[in-house]
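[1] starting from these lines, generate the structure:
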Amino acid sequence: MSLERLCADVQELAINTAGFIKDEQRKLSLDSIRSKGLHNYVTYVDTGAEERIVSGLQILLPGSGFIAEEGTTDIRGERYNWVIDPLDGTTNFIHGFPPYAISIALLDGEETILGVVYELTAGECFYAWKDSKAYLNGNAIRVSSTETVSQSLIATGFPYTNFARIGPFMQSFKYFLKNSHGIRRLGSAATDIAYVACGRLEAFYEYGLHPWDVAAGALILERAGGRICDFSGGNNWMYGEEFIGCNENIYNEFLDLINRMMIQEQVLIQ
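    The predicted structure follows:
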């Protein structure tokens with residue numbers, strides 16, 4: 001199997017699905033929006049896009065399975081499984097506010113071997129496969145060379161259902177407001193991670209994320225020379241609902257700060 005060829009096909013599928021999403025956005029009404037939980041929304045566009053992606057991927061890699069946000073399929077593959085977020089940033093999409101993205105990753109067992117993030121509003125396709133460089137619209141990308149947190153632009157995501165760690169999270173937010181070039185909340189984790197990969201941001205962190213939020217972006221970031229981990233510096237970022245992604249130069253400093261504010265301080269608060 002040629003991962004490069006498969007990655008090109010997945011990019012084409014993402015771009016075609018983006019056309020469907022854009023067309024349907026013009027028809028979107030309040031009646032077509034439903035809630036999956038507190039501040040967690042889904043539309044028929046999310047599910048329709050996921051169905052299109054699943055169908056296309058089944059053709060590209062017969063016998064593969066899926067971990068898909070909207071649950072349009074529960075098929076699991078013995079070896080290969082696709083991790084899909086058909087519309088990362090649905091709240092942004094509902095309001096016509098950028099960014100929002102399609103995120104598709106391929107797992108070989110537990111290893112991510114392919115990742116595509118297509119940000120719809122700018123028409124930017126970020127992608128990588130095992131042992132490749134990372135790319136944006138055909139051009140190789142790298143993380144920034146910024147060396148300190150104080151010189152960094154940082155992104156995060158605000159919790160919308162899980163407020164158990166809101167205290168330490170707000171402390172971290174306050175710290176970076178005072179001690180960096182700034183902090184941003186874009187509303188699409190897949191896009192945030194891709195922006196770290198291409199050097200627009202130096203770091204991204206968030207808790208409460210799911211595999212479909214991070215799988216594709218994490219591979220792209222690693223292939224762009226970045227580092228990823230959970231808040232303790234471990235490898236449980238895919239399923240552990242804690243994610244840090246940053247450039248190599250600030251990794252140790254940034255991890256230490258997040259660990260002290262989100263882990264150690266959390267223990268003190270409890």
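
[2] got a list of contacts for stretch 72-79?
    Defining contact as CB atoms under 8 Å, 6 or more residues apart in numbering, one finds that stretch 72-79 is touched by 47, 50-51, 54, 63-66, 108-109. All C-beta atoms are positioned from the backbone trio N, CA, C, and that covers glycine.

[3] for these, pick the one with the most neighbours.
    Ranked by neighbour count (other CB atoms under 10 Å), these have residue 50 at the top, with 25 neighbours.

[4] list the contacts for that one?
    Contacts for residue 50 (CB under 8 Å, 6+ apart) come out as 68-70, 72, 84, 86.

[5] look up the closest residue to it, ignoring the ones flanking it.
    Nearest residue to residue 50, sequence neighbours excluded (CB to CB, 6 or more residues apart in numbering): residue 86, at 3.9 Å.

[6] isn't the one you found right next to residue 71, touching?
    No. Counting by CB atoms under 8 Å, residue 86 does not reach residue 71; the two are 11.2 Å apart.

[7] between these two, which one's more packed in?
    Between residue 86 and residue 71, residue 86 has the larger neighbour count (other CB under 10 Å), namely 29 against 11.

[8] which element is the more buried one on?
    In this structure, residue 86 sits in strand 80-88 according to DSSP states H and E.

[9] circling back: closest to residue 197 among the contacts of stretch 72-79?
    Distance to residue 197, by CB to CB, is smallest for residue 108 among the contacts of stretch 72-79, at 20.9 Å.

[10] pretty sure residue 211 contacts residue 238?
    Yes. Here residue 211 reaches residue 238: they are 5.3 Å apart, a contact under CB under 8 Å.

[11] helices along the protein, start to end?
    Ranges of helices in the chain, per DSSP state H, are 3-25, 44-60, 90-95, 166-179, 189-197, 211-223, 251-258, 265-269.

[12] picking that back up, how about the contacts made by the residue nearest to residue 50?
    Contacts for residue 86 (CB under 8 Å, 6+ apart) come out as 17, 46-47, 49-50, 52-53, 68-70, 102.

[13] flag every buried residue along stretch 202-213.
    202-209, 211-213 (16 or more other CB atoms under 10 Å).

[14] what's the end-to-end length of that stretch?
    Terminal residues of stretch 202-213 are spaced 19 Å apart (CA to CA, to the nearest Å).

[15] again with stretch 69-81
    Terminal residues of stretch 69-81 lie 13 Å apart, using CA to CA.
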